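Q: 3D model of this:
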Amino acid sequence: MNIAIVIFVKTPGISPLKTRLAATVGQEKAEDFYRLSLKSITSTLKEIDITPYWAVGEIQGLNDPLWNQFNIMHTGEGNLGDRQNHVYNELLKTFEAVFLIGGDAPQLSQSIIEEAISQLKSHDYVIGPATDGGYYLLGGRKEISTTVWSGTPWSHERTRETLISKLDSTPYQLESLTDVDTESDLEMMLSEMPFDINANQQKLKNWIKHL
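A: All right, here's what the predicted structure looks like:
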């Protein structure tokens, strides 16, 4: 299948990053984590036959050198649902399927993404549950109605549950992973690192051990 995978990101120095993590480790270390996380995800995606995009939250951040490895698009404006709606349905005009992920699950593995790709052959949608009630991956091969996005509460413990209930068919569910929002999430995330860890994931592990 011709598939796009979109990483939703914010640009360091323009938007606040990982504010809950920064509250305990400081803004500089929170930004260090974010950059290391993005490098881990970049390394993983380069090993897969899939077309990666950065979905950048700020128009003025589109030319930042941090985004020079993949295709770039603006998320559009509005809340997280509005932005996902725009990116997903826009790219579905060009690709057979689209995956949406964030930049804060660096333990995401090649095998999980390949499983998601495989399951789209028999499911309209796939979803990767996050332990906080959201999701770290959402993919599909059908348009998702604007009413689904607008009717879902974002950054809520019932985000994933509500979204699934509004889709027109039940998505295949991948294994659960931890999105890193707080310092306490770091150890859980480390326990979920893949066996075949890439070099940037190893660098992130070492960084956390010395935090």
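Q: next SSE after the host helix or strand of Val98?
A: Assigning secondary structure by DSSP states H and E places Val98 in strand 97-102. Downstream of strand 97-102, the first helix or strand assigned by DSSP H and E is helix 110-119.
Q: helices and strands around that next one, which ones?
A: Secondary-structure packing of helix 110-119 (3 or more Cβ pairs under 8 Å, 6 or more residues apart in numbering; DSSP states H and E): helix 27-45, strand 97-102, strand 125-129, strand 135-140. C-beta: built from backbone N, CA, C; applies to glycine.
Q: Next, the buried residues of that helix.
A: Judged by neighbour count using 16 or more other Cβ atoms under 10 Å, the buried positions of helix 110-119 are Gln110, Ile112, Ile113, Glu115, Ala116, Ile117, Gln119.
Q: thinking again about what came up before, dump the C-alpha coordinates for the strand holding Val98 into PDB.
A: C-alpha atoms of strand 97-102 as PDB (Å, rounded to 0.1, in the frame of the first residue of the first chain):
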ATOM      1  CA  ALA A  97      -3.800   5.100   3.900                       C
ATOM      2  CA  VAL A  98      -2.600   7.600   6.400                       C
ATOM      3  CA  PHE A  99      -1.100   7.100   9.900                       C
ATOM      4  CA  LEU A 100      -0.900   9.800  12.500                       C
ATOM      5  CA  ILE A 101       1.600   9.700  15.400                       C
ATOM      6  CA  GLY A 102       3.000  12.100  18.000                       C
END
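Q: Could you report the distance from the residue nearest to Leu38 when sequence neighbours are not counted to Ser15?
A: Spatial nearest neighbour of Leu38, excluding adjacent residues (Cβ to Cβ, 6 or more residues apart in numbering): Gly103 at 5.2 Å. Separation of Gly103 from Ser15 (Cβ to Cβ, to the nearest Å): 12 Å.
Q: between those two, which one's more packed in?
A: Each of Gly103 and Ser15 has its neighbours counted (other Cβ atoms under 10 Å); Gly103 has more, 22 against 14.
Q: these two touch, right, that one and Thr11?
A: No: the pair Gly103 / Thr11 is not scored as a contact, 11.0 Å apart, by Cβ atoms under 8 Å.
Q: Give the pairing partners of the strand holding Val98; include direction for each.
A: Using DSSP bridges, the strands paired with strand 97-102 are strand 3-9 (parallel), strand 135-140 (antiparallel).
Q: could you redo the ones you listed as a markdown table and give each row mean neighbour count, mean pLDDT and distance to Asn198?
A: Below are these laid out as a markdown table (neighbours: other Cβ atoms under 10 Å; pLDDT from 0 to 100; distance: least, Cβ to Cβ, whole Å):
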| stretch | mean neighbour count | mean pLDDT | distance to Asn198 |
| --- | --- | --- | --- |
| strand 3-9 | 23 | 98 | 16 |
| strand 135-140 | 24 | 98 | 17 |
